[in-house]
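Peer 1: requesting a structural model of the entry that follows:
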Amino acid sequence: MTTTRQGTDTDARAPGATTAAAPRGLREFYENPAVPVASGDARSLRQARMLAAALGPAAVRPAVVLDVGCGDGTAAATAAPLLAGHRVVGVDWSQDALRRARTRLTDVVRGELGTGRLPFSSGAADAVLFSEVIEHLVDPDSALDELRRVLRPGGHLMLSTPNLAAWYNRALLLAGVQPVFSEVSLRGIHGRPGSEVVGHLRLYTARALKEFVTASGFEVVRVAGAPFHGVPRPMRPLDRLACAAPSLSSILLLHARKT
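Peer 2: Okay, here's the model as predicted:
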């Protein structure tokens, strides 16, 4: 959750859509199945609940939901029980990711942000899931333009991304330590806790994310928080508490509508 790799989960990372300008080495990095892509079920479930509430019962009006940057389909499969009756279509540029996604999703389509249009007509989707992708994008502006195109008027954008201003990152910066989720190399972690390189290129605070999405032609409905599975076990109760104040949470969940 694309510069790079579209994803579904955060983890700090996401599998999936790349931009045309993505360096060959970066693209190969995202094709590596060993690179972690999941931030845990907590984020997926919270995001799915927000989407289910926005769409309403499928019996009233079945919706088409595009999971752009679906990766291996894990996040969409986790959300499926809450979206029963709605059609969820997984979209990713990686053939390997789509092969794995087919074991979890009925509909999967190859599509790449940044190289033209996604293979959907304008206004074809009622909602777009964009989970743990934007932090991997070289050109997030063009990506949101394309997501806006495929959404119908009033359609829903459900975006999730790591929070640069997470409660622990504020303390780390005060101590002169590189924030969690940020990376200075694709070969290793330098200057911060952790050991997994996941390819993050951009990070957002809650304020920056809201302003950016609004400037892209969406109306922000709500910003919520979600915990991060990589937080050390003794600190997880604090991480869950921080979700009550999204600007402090590990993961940002944003619901916006196409204006």
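Peer 1: from now on I want contacts and neighbour counts done on CA atoms only, so please keep to that.
Peer 2: Fine.
Peer 1: mind listing what's buried along the longest strand seen in the chain?
Peer 2: For the chain, the longest strand by residue count, based on DSSP state E, is strand 151-162. For strand 151-162, burial by neighbour count (16 or more other Cα atoms under 10 Å) applies to Leu151, Arg152, Gly155, His156, Leu157, Met158, Leu159, Ser160, Thr161, Pro162.
Peer 1: adding pLDDT, write the residues you listed out as TSV.
Peer 2: Formatted as TSV, the buried residues of strand 151-162 follow (pLDDT from 0 to 100):
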residue	pLDDT
Leu151	98
Arg152	98
Gly155	98
His156	98
Leu157	98
Met158	97
Leu159	98
Ser160	97
Thr161	97
Pro162	97
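Peer 1: and these, which is closest to Asp41?
Peer 2: Proximity of the buried residues of strand 151-162 to Asp41 (Cα to Cα) peaks at Ser160, which lies at 13.0 Å.
Peer 1: the closest one is in contact with Ala256, isn't it?
Peer 2: No. Counting by Cα atoms under 8 Å, Ser160 stays clear of Ala256, with 11.3 Å between them.
Peer 1: the longest strand of the chain packs against which elements?
Peer 2: helix 41-55, strand 125-131, strand 251-258 (3 or more Cα pairs under 8 Å, 6 or more residues apart in numbering; DSSP states H and E).
Peer 1: what packs against the first one?
Peer 2: Contact analysis of helix 41-55 by 3+ Cα pairs under 8 Å, 6+ apart lists helix 74-79, strand 151-162, strand 218-226, strand 251-258 as its packing neighbours.
Peer 1: and after that helix, which helix or strand comes next?
Peer 2: Using DSSP states H and E, the helix or strand that follows helix 41-55 in sequence is strand 64-68.
Peer 1: paired strands for that next one, with orientation please.
Peer 2: strand 87-92 (parallel), strand 125-131 (parallel) (DSSP bridges).
Peer 1: could you check the angle helix 41-55 makes with it?
Peer 2: Between strand 64-68 and helix 41-55, the angle comes out at 150 degrees (axes from the mean of the first three to the mean of the last three Cα atoms, to 10 degrees).
Peer 1: all numbers from here: first residue = 45
Peer 2: New numbering, starting at 45: the last item is strand 108-112.
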